[in-house]
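>>> quick one: sequence and predicted model below, then my questions.
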Amino acid sequence: MTTAHFSLRKLLFIAGTALSILATAPAMASQLDEDTDAALKSLYETTPAAKALGESAKGILVFPNITKAGFIVGGQGGNGVLVKQGKHVGYYNTAAVSVGMQAGIQTYGYTLFFMSDAVMKQFEKSKGWEVGVGPSIVVVDSGVGKDLSTLTAKADIYAFIFDQKGLMAGVGIKGSKITKLKTPR
């Protein structure tokens, strides 16, 4: 193992550890619940396709406040709530580490709509779930969102990214690890 390889591995470990500490020290559960409800309401008001999917989804995982930061090595993380039939049924954390041409900081939110009982059960039973590994996920952009309806929706999971703020090129959720929290602190 070369020194450069070791240093990169060490740097990734440090970045991942720092990110997990930041991501698991969120606001109280009540604040996360409020942020989740506000984010979902705003998404429904601005994206009719999300509202239509929400009405038939088996579960909706909402991450209202994700922070992404990096300079060559980056990380992103935040906490969210699983909503089923309008009720908050669980708390989750999402985190990812990346290496590449990147610099800046931004915040955003994302929502996953689980469209079948089988995919919802698979997610709930997992001890840790990685976005992009397993069931098919369609990230809905504004163009697709205008034409998407419950009649044309055929994927297992739909993702909507919303409320981007800050200075960093691009947002991605692939590779994000999602784990269940007992209760946010």
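All right, it came through fine.

>>> buried sites along the longest strand seen in the chain?
Looking across the chain with DSSP state E, the single longest strand is strand 87-114. Buried positions in strand 87-114, judged by neighbour count with 16 or more other CB atoms under 10 Å: 90-98, 102, 106-114. C-beta here means a position set from N, CA and C on the backbone, and glycine is covered the same way.

>>> neighbouring strands of it in the sheet, and parallel or not?
strand 59-84 (antiparallel), strand 157-167 (antiparallel), strand 177-181 (antiparallel) (DSSP bridges).

>>> by mean pLDDT, show me the worst of these.
Ranked by mean pLDDT, those end with strand 157-167 in last place, scoring a mean of 87.

>>> on that earlier part again, ranking the strands paired with strand 87-114 by burial, who's on top?
Mean neighbours per residue, mean count of other CB atoms under 10 Å, is largest over those for strand 59-84, with a mean of 22.

>>> where in the protein is pLDDT low?
Scanning the chain with the threshold set as pLDDT under 70 gives 1-27, 132-136, 141-153, 168-175, 183-185.

>>> again, 80 this time
Scanning the chain for pLDDT under 80 picks out 1-28, 99-103, 130-138, 141-154, 167-175, 183-185.

>>> just checking, next helix/strand downstream of the longest strand of the chain?
Next along the chain after strand 87-114, taking DSSP states H and E as the criterion, comes helix 117-125.

>>> for the helix or strand just after that following helix, name the packing helices and strands.
Using DSSP H and E, the helix or strand that follows helix 117-125 towards the C-terminus is strand 129-130. With contacts taken as 3 or more CB pairs under 8 Å, 6 or more residues apart in numbering; DSSP states H and E, strand 129-130 sits against strand 177-181.

>>> what residues does the strand it packs on touch?
Under the contact criterion CB atoms under 8 Å, 6 or more residues apart in numbering, strand 177-181 has outside partners 24, 61, 79, 90-96, 127-131.

>>> and with 10 Å instead?
With CB atoms under 10 Å, 6 or more residues apart in numbering as the test, strand 177-181 has contacts from 16, 20, 23-24, 26, 29, 32, 61, 63, 77, 79-82, 90-97, 112, 123-124, 126-131, 133.

>>> in PDB, could you pull the C-alpha coordinates for stretch 49-63?
Extracted C-alpha coordinates of stretch 49-63, given in PDB (Å, rounded to 0.1, in the frame of the first residue of the first chain):
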ATOM      1  CA  ALA A  49     -46.700  14.800  -9.500                       C
ATOM      2  CA  ALA A  50     -45.300  14.400  -6.000                       C
ATOM      3  CA  LYS A  51     -48.700  15.000  -4.500                       C
ATOM      4  CA  ALA A  52     -50.200  12.400  -6.800                       C
ATOM      5  CA  LEU A  53     -47.500   9.800  -5.900                       C
ATOM      6  CA  GLY A  54     -47.900  10.700  -2.200                       C
ATOM      7  CA  GLU A  55     -51.500   9.700  -2.300                       C
ATOM      8  CA  SER A  56     -50.700   6.100  -3.500                       C
ATOM      9  CA  ALA A  57     -47.300   5.600  -2.000                       C
ATOM     10  CA  LYS A  58     -46.900   2.900   0.700                       C
ATOM     11  CA  GLY A  59     -44.400   5.100   2.500                       C
ATOM     12  CA  ILE A  60     -42.700   8.500   2.100                       C
ATOM     13  CA  LEU A  61     -39.200   9.100   3.500                       C
ATOM     14  CA  VAL A  62     -38.500  12.800   3.900                       C
ATOM     15  CA  PHE A  63     -35.100  14.300   4.500                       C
END
